[in-house]
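Student: coordinates only, sequence not included:
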């Protein structure tokens, strides 16, 4: 096994300080990128999406609850499957009640949406002990419109903002792919603000990281752009302020 090089304490400190400078530079770049993300324009949702949940069919706006923002994890669960994607499952297993409470304290709801029928979702949810709200988009265009179900036979072959090349002999049926989408509610209007796919979904698991995807951000006094959030919070790491 190839282990790291063994050096003196002084040599280690020199290397560590070099790396610290690179880490700080990366943090500053990431902060600027997050601000640019919040400056993205948004799109009003004109179509009525009815999603199947424990209380029956509900519009997308109902998933917000009392929050102004909504983060949806598009969980890969084809209607023909008996279980969700193992990778999506691992992501949800990592989401603690504390993480979701921290999101709510920043005016942000979190929900799961999959194309499988509600009965299958509820059965799998019960087997995992999950309490996160989970809705079925089985009878709607939601998954297709937000590019997390691809149907090449219907001309839908765009994923992660690029057209996928056709593969000889590939299955032409619908294909489930991972993604996260963010929405903002202003009065009765719902807007789509952001979606990320592929490796972009690695941001799950941390409330701070997920808030970096949203239009309102972490809502702290140093955040950019200024005056975006209706209430600026302090830097309390417990999110309790």
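Tutor: Okay, I see it. What you are looking at is a predicted structure, and each value in this text was computed from that prediction instead of being measured.

Student: and the residue nearest in space to the middle of the chain, what pLDDT?
Tutor: What sits nearest the mean C-alpha location of the chain, by C-alpha atoms, centre = their mean, is residue 180, with 3.3 Å. We have a pLDDT of 96 for residue 180.

Student: Run through who's touching the helix or strand in which it is found.
Tutor: Per DSSP states H and E, residue 180 falls inside strand 179-186. Applying C-beta atoms under 8 Å, 6 or more residues apart in numbering, the external contacts of strand 179-186 come out as 42, 45, 60-61, 64, 67-74, 146-148, 190-197, 200-201, 203-204, 213-216. Placement of C-beta: from N, CA and C, glycine included.

Student: Tell me the bridge partners for the nearest residue to residue 78 once chain neighbours are set aside.
Tutor: Nearest residue to residue 78 in three dimensions, chain neighbours excluded: residue 176, at 5.2 Å (C-beta to C-beta, 6 or more residues apart in numbering). Judged by DSSP bridges, the bridge partners of residue 176 are residue 149.

Student: before we move on, what about the one 5 residues further on?
Tutor: Beta-bridge pairing for residue 181 (DSSP bridges): residue 72, residue 195.

Student: burial count for it?
Tutor: 22 (other C-beta atoms under 10 Å).

Student: What separation is there between it and residue 143?
Tutor: Distance, residue 181 to residue 143, using C-beta to C-beta, to the nearest Å: 10 Å.

Student: tell me, what's touching these two both at once?
Tutor: By C-beta under 8 Å, 6+ apart, the residues touching both residue 181 and residue 143 are residue 74.

Student: Touching the strand or helix carrying residue 123 from outside, list them.
Tutor: Secondary structure from DSSP H and E places residue 123 in helix 118-128. Outside helix 118-128, the residues that touch it by C-beta under 8 Å, 6+ apart are 52-54, 77, 79, 81-84, 89, 92-93, 112, 114, 134-136, 138.

Student: And the helices in this structure, which stretches?
Tutor: Here the chain has its helices, by DSSP state H, at 9-38, 86-93, 97-105, 118-128, 142-145, 207-211.

Student: Please identify which of the ones you listed is closest to residue 222.
Tutor: With C-beta to C-beta as the criterion, residue 222 lies closest to helix 9-38 of the helices of the chain, at 8.8 Å.

Student: Nearest residue to residue 145 in space, please, no chain neighbours.
Tutor: Nearest one to residue 145, counting by C-beta to C-beta, 6+ apart, is residue 47 at 7.2 Å.

Student: what's around the one you found, how many residues?
Tutor: Neighbours around residue 47, by other C-beta under 10 Å: 9.

Student: Assess the claim that it and residue 190 are in contact.
Tutor: No: contact criterion C-beta atoms under 8 Å: residue 47 and residue 190 do not qualify, at 10.3 Å.

Student: starting at the chain centroid, how far to the helix holding residue 123?
Tutor: Distance of helix 118-128 from its chain centroid, counting by C-alpha atoms, centre = their mean, to the nearest Å, is 21 Å.

Student: Let me see the mean pLDDT of it.
Tutor: Rounded mean pLDDT across helix 118-128 is 97.

Student: heads up, I number from 446, so please use that
Tutor: Understood, numbering begins at 446; the last thing we discussed is helix 563-573.

Student: now the angle between helix 531-538 and it, please.
Tutor: 60 degrees (axes from the mean of the first three to the mean of the last three C-alpha atoms, to 10 degrees).

Student: Report the buried residues of helix 563-573.
Tutor: Across helix 563-573, burial judged by 16 or more other C-beta atoms under 10 Å covers 563, 565-566, 569-570.

Student: Check stretch 656-672 too.
Tutor: So, applying 16+ other C-beta under 10 Å, buried residues of stretch 656-672: 656-664, 668.
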